[in-house]
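Asks: one predicted model, sequence on top.
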Amino acid sequence: MSIGQLTRHRQLGLSDTDVIAMYTNMLLARKFDERAMLLQRAGKVNFHISGIGQEPAQVGAAFALDRHKDYFLPYYRDYGFVLSVGMTVKELMLSLFAKAGDPNSGGRQMPGHFSHRKLNIVTGSSPVTTQVPHAVGFALAAKMKRKDFVVFVTFGEGSSNQGDFHEGCNFAGVHKLPVIFMCENNQYAISVPLHRQVAGTIADRAIGYGFPGVRVDGNDALEVYRVVKEARARAVRGEGPTLIEAVTYRLSPHSTSDNDLAYRSKEEIERHRQFDGVPKFKQYLIECGIWSEEQDAELLASINRQINEATEYGERAPYPDTKDAFRYVYAEEEGV
């Protein structure tokens, strides 16, 4: 690496502490994801949807946003993102085990449907892409109320082919709304490969809506940080939306209900594994002289303890009471 490459994060305004925190969140998300897969295979939880391979894009984006002002509408694979904006592994485990303390839904929603009022994480629903028009609505509110927050929404490339995506982008472009659309292009819409979904690039679609589209290496957390930071600055200046296509690869099955080897080979997965952004980021930190294998071993041990504690916490936590099944669904009388 050149001297410039070794100081990329400093040139972007990130401190050594910042990038170590980024790596910590990537690794924490990866280890949570791996544990969740094992828990489902062991019959302890019903379902898990994985984001292994997409953590660098998620964490890079989170660090570029204002965690105290902005509103977030992440999609179901975004463990790296939600951990970076303040959710805890214990909270994710409560959701995974469908327990009463789950901040997303009180144990009533599927895992990966994030929601956290204190952290400005807006609840999502199961049909894909519905979060896009919701995000545009939040951005419209920001403009109408003259607030300086920005809305950030993520989705997969499969979602970019849905009507909600096009309607949301068109409305946001017409009204120059402060919203960032980030497509995590992981190459597969469940089993449908990219070349069967999209003829061109997703980023190029932004031209038709009248705002910039940027294609970025989703395995490069610092590059994702840079483009999201620029997109946020544009939005704050009143220049409207940005569409970001973060090109990455889903290393795990679509979900625990998926046999991914029915539509792709082990050789393909291994070929893409060499581009995995998490070990590459670790290597970058080592080459910068701010990280070591000893520190990495200590971090991994600490994360494993955290995952173990959170797993036990989630298992032991109480299930929701049946009388709460319709709570927050209908208006409630005062005192009830």
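Replies: Yep, it's here.
Asks: other SSEs contacting the top helix by length along the chain?
Replies: The residue-count maximum for a helix in the chain (DSSP state H) belongs to helix 16-41. Judged by 3 or more CB pairs under 8 Å, 6 or more residues apart in numbering; DSSP states H and E, helix 16-41 is in contact with helix 8-11, helix 55-63, helix 79-84, helix 89-96, helix 221-236, helix 277-287, helix 293-316. From N, CA and C alone the C-beta is placed, and that goes for glycine too.
Asks: and of those helices, who's closest to Val329?
Replies: Among the helices and strands packed on helix 16-41, helix 89-96 comes nearest to Val329, with 18.2 Å by CB to CB.
Asks: next secondary structure element downstream of that closest one?
Replies: As assigned by DSSP states H and E, the chain's next helix or strand after helix 89-96 is helix 131-144.
Asks: mind listing what's buried in that next one?
Replies: Of all the residues in helix 131-144, those buried under the rule 16 or more other CB atoms under 10 Å are 131-140, 142.
Asks: cool, stretch 31-38 as well?
Replies: Quick answer for stretch 31-38 (16+ other CB under 10 Å): 31-33, 35-37.
Asks: about what we covered before: need the helices and strands packed on helix 16-41 in JSON lines with distance to Gly168 and mean pLDDT, can you?
Replies: Listed next are those as JSON lines, based on distance: least, CB to CB, whole Å; pLDDT from 0 to 100:
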{"stretch": "helix 8-11", "distance to Gly168": "32", "mean pLDDT": "96"}
{"stretch": "helix 55-63", "distance to Gly168": "18", "mean pLDDT": "98"}
{"stretch": "helix 79-84", "distance to Gly168": "19", "mean pLDDT": "98"}
{"stretch": "helix 89-96", "distance to Gly168": "26", "mean pLDDT": "98"}
{"stretch": "helix 221-236", "distance to Gly168": "15", "mean pLDDT": "98"}
{"stretch": "helix 277-287", "distance to Gly168": "28", "mean pLDDT": "97"}
{"stretch": "helix 293-316", "distance to Gly168": "34", "mean pLDDT": "98"}
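Asks: out of these, nearest to Val198?
Replies: helix 55-63 (17.7 Å).
Asks: thinking Gln162 is in contact with Pro133, fair?
Replies: No. Gln162 lies out of contact with Pro133 (CB atoms under 8 Å); the separation is 10.3 Å.
Asks: and the helices and strands packed on helix 16-41 as a markdown table, adding mean neighbour count and distance to Ala172?
Replies: A markdown table is the format used below for those (neighbours: other CB atoms under 10 Å; distance: least, CB to CB, whole Å):
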| stretch | mean neighbour count | distance to Ala172 |
| --- | --- | --- |
| helix 8-11 | 16 | 30 |
| helix 55-63 | 31 | 18 |
| helix 79-84 | 28 | 20 |
| helix 89-96 | 24 | 29 |
| helix 221-236 | 22 | 10 |
| helix 277-287 | 18 | 28 |
| helix 293-316 | 14 | 37 |
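Asks: in three-state terms, label Lys69 for me.
Replies: coil (DSSP: H, G, I helix; E, B strand; the rest coil).
Asks: check contacts around the closest residue in space to it that isn't next to it in sequence.
Replies: The shortest distance from Lys69 to any non-neighbouring residue, by CB to CB, 6 or more residues apart in numbering, is to Phe149 (4.4 Å). Phe149 makes contact with 66, 69-71, 142, 178 under the criterion CB atoms under 8 Å, 6 or more residues apart in numbering.
Asks: for those residues, give me JSON lines that also has pLDDT.
Replies: Output for those, formatted as JSON lines (pLDDT from 0 to 100):
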{"residue": "Asp66", "pLDDT": "98"}
{"residue": "Lys69", "pLDDT": "96"}
{"residue": "Asp70", "pLDDT": "98"}
{"residue": "Tyr71", "pLDDT": "98"}
{"residue": "Ala142", "pLDDT": "97"}
{"residue": "Pro178", "pLDDT": "98"}
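Asks: who wins for neighbours among those residues?
Replies: Counting by other CB atoms under 10 Å, Pro178 has the largest number of neighbours within the contacts of Phe149, with 30 neighbours.
Asks: thinking again about what came up before, okay, the helices and strands packed on helix 16-41 in JSON lines with distance to Glu333 next?
Replies: Output for the helices and strands packed on helix 16-41, formatted as JSON lines (distance: least, CB to CB, whole Å):
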{"stretch": "helix 8-11", "distance to Glu333": "54"}
{"stretch": "helix 55-63", "distance to Glu333": "39"}
{"stretch": "helix 79-84", "distance to Glu333": "33"}
{"stretch": "helix 89-96", "distance to Glu333": "28"}
{"stretch": "helix 221-236", "distance to Glu333": "41"}
{"stretch": "helix 277-287", "distance to Glu333": "50"}
{"stretch": "helix 293-316", "distance to Glu333": "33"}
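Asks: just how off-centre is stretch 196-206 within its chain?
Replies: 21 Å (CA atoms, centre = their mean, to the nearest Å).
Asks: wait, I meant stretch 283-293
Replies: Using CA atoms, centre = their mean, the offset of stretch 283-293 from its chain centre is 25 Å.
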